[in-house]
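Chemist: model this:
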Amino acid sequence: MKDKDMEETLFSSNVKRPLADRLRPTKLEEVVGQDHIVGENAPLGRMIKSGKITSFILWGPPGCGKTTIARLIAEYTNLYFEQISAVFSGVGDLKRVFQYAEERRTREGKGTLLFVDEIHRFNKSQQDGFLPYVENGTVILVGATTENPSFELNSALLSRCQVFVLNRLNTDDFEELLQRAEKEEGQKLPIDDEARTFIKEIADGDGRYMLNIAENIWLYAQNGEIFNKDQILQIIQSRSPIYDKGRDGHYNLISAVHKSMRGSDVDAALYWVSRMLIAGEDPRYILRRLLRFSIEDVSLADPNAVNQAISCIETYERLGSPEGELAVLQLTAYLATAPKSAGVYKAMHKAFDAAKKTGSLMPPKHILNAPTKLMKDLGYFDGYIYDQDLEDGFSGQNYFPDGMARQKFYFPVERGFEREIKKRIEYFDKLRKEKQAKKGEK
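Modeler: Coordinates of the predicted model:
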C-alpha cells in the first residue's frame, strides 16, 4: 500500500462520525416520538406492510426524524432511492432526476422514490414540474418540510400527496435518546439532574440539536467532572426559538396571543407575546394586532381600551426597543383582563349585509335637509322632530328607509360598560313602542 493511501485509511478509520449520525435509526421501530405515523397500524406502517407506497409529505419541526423516515421507507421498498435538497437544487437538477427515473423505469421496470428535503423552498412553478411525473408514477414523491404545506405547496401537488404531521419530540423522547447516546458512548452523560432537564428544554423539540449538545458535553468534560446548568450555558449559546416572521410560526403565535386574550388568560397572553418578541418579531406588528383586538374583542365593553392601545403605541414609538416593549406587555395585560364584547363587530357584519341588499333605498324624506324650494315642495324635512326639544329627548321617529322594516344589528352584552349601553337601548326601545302606540291611537 502506498504511503498516501495508508495515511487516508488511517485518517478515515480514526475519524468518529457525529453522535446524531451514529444514532440514526436503522429501522422504523427505532424512530422516536412518531408512533402515530410509523407504528405497525399507523398510516405509513400500513402502507409499507401493503407494499404500495404513494406520494406523501412529511411536515414537522427540525430534528423530529423526517429525513430518517424517508430513508428507511426507501429501504423497505423495491424502489430506487434518489435524494435532493430544494436548497441546493434547481430546475436542471430536477430535469436530470426525472430523465433518469424515466429511463430506469423503461429499461429496468423499476420505479424511483424521490426524497425532496425542504420541498417548501421550491417555488410554485418548480413544484408544478413534479405533477406529470407523480401522476404517471415515474416517481414516488416524498417531501419533507418544516412549513405548513397548506401555505407553501401548490394545491395541485397537495391533492396528489398525503400529508403526515410529525410531532416535536417531548421530554420522554429526549430521555430515550439520551439513554441510547449513553449506551453508544459507554458512559453516563456527566451532568446533574437539573442540567439534564435543561438540555431537554433548550433543545425545543429537536432531537438532533440535543444530541449535539450531549456530544459537546462529553467533549469538554474532564475526568470525574459533573456539569451543572450554568456550566452548560457556557458551552452552548442560547438557542433562538423556531420562528419565521413570514411563515407558519408567525401566524401560529399571533393566533395564540389573540385566543389567550379573548379567553382572558393574561399569563398565557403575556407568554405568547414574549415568545414573539424574543424571537425577533417587530413590536409594531404586535401593537397593530392589539389595537385591532381593542375594537374587535373588547370594544364598548371597555371604551377606554382603544385609548389605552393608542397610548401604548405612542409610548413605544417614543421609547423604542427594548424599553418600549414594556408598553407592549402592558397593553397585552390590559386587554386580556378587560371585559369582552363582539357586539359591535357582529353588528358591523349584519349592517353590511343589510346595506348590500338594500343599497339603493333613499332615506325617509323627513330626515333630509331641504335647502331649496323644490326640495321643500317634495316633502324634504317635512315632519322632522328635533329630539332635544322634547321632554324625554327622544322622538321615536323612523330613520330607516321607507318600505324597509326596522332592523336589529347591535346586541350589547351584560359585561363591562356595555351593560349600561344595553339598559339605554332597552329604554329607547320601550319609549319608541310607547310613542308609536300613542301615534296609532291618534
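
Chemist: in the stretch 301-442 of the chain, which ranges drop under the pLDDT threshold?
Modeler: 440-442 (pLDDT under 70).

Chemist: show me where it has helices.
Modeler: 304-319, 325-337, 343-357, 373-377, 418-441 (DSSP state H, counting those that start in this stretch).

Chemist: Highest mean neighbour count out of these?
Modeler: With neighbours taken as mean count of other Cβ atoms under 10 Å, those reach their highest mean count in helix 325-337, at a mean of 20. Placement of C-beta: from N, CA and C, glycine included.

Chemist: Please name every helix or strand in contact with that helix.
Modeler: Contact here means 3 or more Cβ pairs under 8 Å, 6 or more residues apart in numbering; DSSP states H and E; on that basis helix 325-337 packs against helix 248-262, helix 266-278, helix 283-293, helix 304-319.

Chemist: Check which helices and strands the last one sits against.
Modeler: With contacts defined as 3+ Cβ pairs under 8 Å, 6+ apart, helix 304-319 has these neighbours: helix 283-293, helix 325-337.

Chemist: same question, the shortest one
Modeler: Secondary-structure packing of helix 283-293 (3+ Cβ pairs under 8 Å, 6+ apart): helix 248-262, helix 266-278, helix 304-319, helix 325-337.

Chemist: One more: the second one?
Modeler: Packed against helix 266-278 by the contact rule (3+ Cβ pairs under 8 Å, 6+ apart) you find helix 248-262, helix 283-293, helix 325-337.

Chemist: Would you agree L169 falls within a helix?
Modeler: No - counting by DSSP: H, G, I helix; E, B strand; the rest coil, L169 is not part of a helix but coil.

Chemist: That one and G33: what is the separation?
Modeler: To G33, L169 is 5 Å away according to Cβ to Cβ, to the nearest Å.

Chemist: Please list all residues in contact with the residue nearest the centre of the chain.
Modeler: For the chain, the residue nearest the mean C-alpha position is N252 (2.2 Å; Cα atoms, centre = their mean). N252 makes no contacts at all, as judged by Cβ atoms under 8 Å, 6 or more residues apart in numbering.

Chemist: quick one: it from K259, how far?
Modeler: Taking Cβ to Cβ, one finds N252 at 11 Å from K259.

Chemist: same question, F98
Modeler: Counting by Cβ to Cβ, the separation of F98 from K259 is 44 Å.

Chemist: more crowded one of these two?
Modeler: Just comparing F98 and K259: by other Cβ atoms under 10 Å the higher neighbour count belongs to F98, 19 against 13.

Chemist: Could you pull up the residues touching the residue nearest to the more buried one when sequence neighbours are not counted?
Modeler: With sequence-adjacent residues excluded and distances taken as Cβ to Cβ, 6 or more residues apart in numbering, F98 is closest to Y133, at 5.1 Å. Counting by Cβ under 8 Å, 6+ apart, Y133 touches 98, 101-102, 139.

Chemist: which pair in the residues you listed spans the largest distance?
Modeler: Maximum pairwise distance among the contacts of Y133 (Cβ to Cβ): 9.2 Å, between E102 and V139.

Chemist: Which of those two has more residues huddled nearby?
Modeler: Taking other Cβ under 10 Å, E102 and V139 do not tie; V139 has more neighbours (24 against 15).

Chemist: wait, which of the helices and strands packed on helix 325-337 is closest to Y384?
Modeler: Closest approach to Y384 among the helices and strands packed on helix 325-337 is made by helix 304-319 (33.0 Å; Cβ to Cβ).

Chemist: Provide the contact partners of the closest one at residue level.
Modeler: 283-284, 287, 290-291, 294-295, 298-299, 324-325, 327-328, 330-331, 334-335, 338.

Chemist: returning to that earlier point: out of the helices and strands packed on helix 304-319, which comes closest to D193?
Modeler: Closest to D193 of the helices and strands packed on helix 304-319 is helix 325-337 (Cβ to Cβ; 32.7 Å).

Chemist: the helices in the stretch 101-250 of the chain, which residues?
Modeler: Per DSSP H, counting those that start in this stretch, the stretch 101-250 of the chain carries helices over the ranges 124-128, 131-135, 149-152, 155-158, 171-185, 193-202, 207-220, 229-235, 248-262.

Chemist: quick one, which of these is nearest to F164?
Modeler: Proximity to F164, assessed across the helices of the stretch 101-250 of the chain by Cβ to Cβ, is greatest for helix 149-152 (10.3 Å).

Chemist: Report the buried residues of that closest one.
Modeler: 149, 152 (16 or more other Cβ atoms under 10 Å).

Chemist: Please work out how many residues are found near T54.
Modeler: Residues near T54, counting by other Cβ under 10 Å, number 13.

Chemist: Surely it is in contact with Q162?
Modeler: Yes - T54 lies in contact with Q162 (Cβ atoms under 8 Å); the separation is 6.7 Å.

Chemist: doesn't G111 make contact with G137?
Modeler: Yes - using Cβ under 8 Å, G137 makes contact with G111 at a distance of 6.6 Å.

Chemist: So which of those two has more stuff around it?
Modeler: Between G137 and G111, G111 has the larger neighbour count (other Cβ under 10 Å), namely 18 against 13.
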